[in-house]
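> Need coordinates for the below:
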Amino acid sequence: MSRPNEPVNIAAGEAGSSNNSVVEKSKFVTVTNGAYTRMVIIGIGYLFPISAIWAAFDYWKTLFPDKNIEFVVTCLYQFGSVMTVLVLSFGKSMEFHRRILGGFSGQFCCLFVIFLFRWLGLPVNVVYGILLGLVFLMSVVTGFLDSALLALNSQYSPKMQEALQIGIGFSTFVSVVYRDITKLISTSQADSTSIYFLAALATVIVCIASYVSLMRMPISAHIREQKKDSTQPLLEKQEDEQVNIWHVLRRVWFNELVIFVQFVLTTACYPAILTAIPCYTLKALAPAHWYQTILLSVFTVFDVIARFCVRHRGPLYYGNIWITAVIRMAIFPLVVLCATGTFRNDWFSMFIVALFGFGNGFSGSLSLITINEIPGLTGPELKATGRFSAVAVNSGLCIGGFVAMGLGVWLGLA
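So this is what the prediction gives:
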């Protein structure tokens, strides 16, 4: 039996069958290192802007000392994103190119305005309002990017889907590393933050260039052909008629529920609960919120490591991936207990955060990959599944943000 990414010969009769979808064709194209790398970079840009805002939490604490902005930003962003994805999910047209380029461009504009904050000379309350407005706008444009990118990725082989998940993990890692380096470069918080957001803008530009380059590669030939075909109303209508949304949903609903739970757990902890974990024993890391910055770094490092491990999944597949969500649910209370001060050993807190970060990268990524491996799904049905996954991811992140805010208020962390 051939591996997913190896060329496969198809008999003439099979080639004419309904199973000969664009997705199946794409799996016969060898995934080159160049294509894999470009998909990783695209994944970095997917959630990088909001990760950049989260990673600058120390700057927001200085600018707005009376507000725990991580809770508000997380909830506002996730609410806007999930509402956008829900609205888009009702549409039948899925024009990848426009939505993806529009999403990245919108993210760039939002980050550019944030970069200009220090030179605007506006009152703090006005800056706070502008920041929340930009976060909401960013959530909307990311919603456009989100729904298109997951559906686009479902048209490639599992190896390319793995690349996207690794890139998503790198988005939080890169943002935290940027913040660590810029804080070391300059002791002035304003200067280090300006350098930080300038680097963020450059990163988004690189992501846009990588997407454009990927679309020109042979591995994306079927996407270009599909784009040409979509300009012909008859062909588009025929494709739409092939997909029974409720039939697809009946087949994938449980896996979508697992994805939803995975991402509820993500934002229920990251970043708000993690940045609320106090520093007890490592006193040298207490000034300038260095301990909390290191906790974010630990989370993202192990998240990325775990995403590289998804190819070594062992017996896990779409039928039992729910086990990983149960394990993460058991670890989650330990993170909360670290934040409340029940556990007062800083090294133990780091260990728990590392464990939770590894689980986030491994099980979250594998949940999104295995759903595309459910047998019998055709190309158009996988596109629909990609849209459902976008809704599950964003609604999970949204609910998780509100869970974090509720816990923060209840436990006195917010």
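> any idea how far the host helix or strand of Q78 is from the chain center?
For Q78, the host element (DSSP states H and E) is helix 69-89. Mean C-alpha position of helix 69-89 versus that of the full chain (Cα atoms, centre = their mean, to the nearest Å) differs by 13 Å.
> what is the mean pLDDT for whichever helix or strand comes after it?
Downstream of helix 69-89, the first helix or strand assigned by DSSP H and E is helix 96-115. Averaging pLDDT along helix 96-115 yields 90.
> and the angle for the helix holding Q78 with helix 96-115?
160 degrees (axes from the mean of the first three to the mean of the last three Cα atoms, to 10 degrees).
> In terms of secondary structure, what does helix 69-89 contact?
In terms of contacts (3 or more Cβ pairs under 8 Å, 6 or more residues apart in numbering; DSSP states H and E), helix 69-89 is packed against helix 33-55, helix 57-63, helix 124-153, helix 272-275, helix 379-411. All C-beta spots, glycine's among them, are computed from the backbone N, C-alpha and C.
> I'd like to know which of those lies nearest to L334.
L334 lies closest, by Cβ to Cβ, to one member of those: helix 272-275, at 11.2 Å.
> starting at the chain centroid, how far to the helix or strand following that closest one?
Next helix or strand after helix 272-275 toward the C-terminus (DSSP H and E): helix 290-308. Helix 290-308 sits 15 Å away from the centroid of its parent chain (Cα atoms, centre = their mean).
> do the same with stretch 243-252
Between the centre of stretch 243-252 and the centre of its chain there are 24 Å (Cα atoms, centre = their mean).
> What mean pLDDT does that stretch get?
83.
> contacting residues around it?
With Cβ atoms under 8 Å, 6 or more residues apart in numbering as the test, stretch 243-252 has contacts from E256, I371, I374, G376, L377, P380, E381, K383, A384, T385, F388.
> between the residues you listed, which is closest to F308?
Proximity of the contacts of stretch 243-252 to F308 (Cβ to Cβ) peaks at I371, which lies at 20.0 Å.
> Please name the nearest non-neighbouring residue to that closest one.
N255 (4.3 Å; Cβ to Cβ, 6 or more residues apart in numbering).
> What helix or strand is the one you found located in?
helix 245-269.
> Quick one: low-confidence residue ranges for the stretch 301-414 of the chain.
414 (pLDDT under 70).
> Of all the helices and strands packed on helix 69-89, which one is nearest S365?
Closest to S365 of the helices and strands packed on helix 69-89 is helix 33-55 (Cβ to Cβ; 10.0 Å).
> Check which helices and strands that closest one sits against.
helix 69-89, helix 96-115, helix 124-153, helix 158-185, helix 189-215.
> Between helix 33-55 and the fourth one, find me the angle.
Same thing as helix 158-185. Going by the same axes, to 10 degrees, helix 158-185 makes 50 degrees with helix 33-55.
> taking the mean pLDDT, what do you get for helix 158-185?
Helix 158-185 comes out at a mean pLDDT of 83.
> and stretch 305-314, which residues are buried?
Within stretch 305-314, the residues that qualify as buried are I305, A306, R307, V310, counting by 16 or more other Cβ atoms under 10 Å.
> Equivalent analysis for stretch 318-336, please.
Y318, I321, W322, T324, A325, R328, I331, F332, L334, V335, V336.
> what's in contact with stretch 395-414?
By Cβ under 8 Å, 6+ apart, stretch 395-414 touches 68, 71-72, 74-75, 77-79, 81-82, 85-86, 259-269, 272-273, 276, 336, 339-340.
> 7 Å instead?
With contact meaning Cβ atoms under 7 Å, 6 or more residues apart in numbering, stretch 395-414 is reached by 68, 71, 74-75, 78-79, 81-82, 259-268, 272-273, 276, 336, 339-340.
> rewinding a little: JSON lines for the buried residues of stretch 305-314, including distance to A56?
Listed next are the buried residues of stretch 305-314 as JSON lines, based on distance: Cβ to Cβ, whole Å:
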{"residue": "I305", "distance to A56": "24"}
{"residue": "A306", "distance to A56": "24"}
{"residue": "R307", "distance to A56": "23"}
{"residue": "V310", "distance to A56": "29"}
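> now, among those, which is nearest to L122?
After measuring those against L122 - Cβ to Cβ - the closest member comes out as R307, at 39.5 Å.
> Quick check: the closest one touching I166?
Yes: between R307 and I166 a contact is recorded at 4.4 Å, counting by Cβ atoms under 7 Å.
> related to what we said a few turns ago, dump the helices and strands packed on helix 33-55 into CSV; add mean neighbour count and distance to L397 as well.
Supplementary listing: these in CSV, determined by neighbours: other Cβ atoms under 10 Å; distance: least, Cβ to Cβ, whole Å:
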stretch, mean neighbour count, distance to L397
helix 69-89, 22, 5
helix 96-115, 20, 16
helix 124-153, 20, 10
helix 158-185, 22, 12
helix 189-215, 18, 20
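> now for those helices, which one comes closest to S51?
Nearest to S51, of the helices and strands packed on helix 33-55 and by Cβ to Cβ, is helix 158-185 at 4.0 Å.
> Off-centre distance for that closest one?
That offset, for helix 158-185, works out to 10 Å (Cα atoms, centre = their mean).
> Please identify which pair of the buried residues of stretch 305-314 lies farthest apart.
I305 and V310 (10.8 Å).
> pLDDT at the residue lying closest to L132 once chain neighbours are set aside, what is it?
Using Cβ to Cβ, 6+ apart and skipping the chain neighbours, the partner closest in space to L132 is L76 (6.0 Å). You'll see L76 listed with a pLDDT of 87.
> Among the contacts of stretch 243-252, name the buried ones.
Buried subset of these (neighbour count, 16+ other Cβ under 10 Å): E256, I371, I374, L377, P380, E381, K383, A384, T385, F388.
> check contacts around the third one.
Contact partners of I374, counting by Cβ under 7 Å, 6+ apart, are R251, V252, N255, Y318.
> Could you identify which of those has the most neighbours?
N255 (24 neighbours; other Cβ atoms under 10 Å).
> residues contacting it?
Per Cβ under 7 Å, 6+ apart, neighbours of N255: Y318, I371, I374.
> Please report how far the first one lies from T203.
This means Y318. Applying Cβ to Cβ, to the nearest Å, the value for Y318 to T203 is 33 Å.
> Check the last one too.
The gap separating I374 from T203 is 34 Å, by Cβ to Cβ.
> again with the second one
If you measure I371 against T203 using Cβ to Cβ, the figure is 28 Å.
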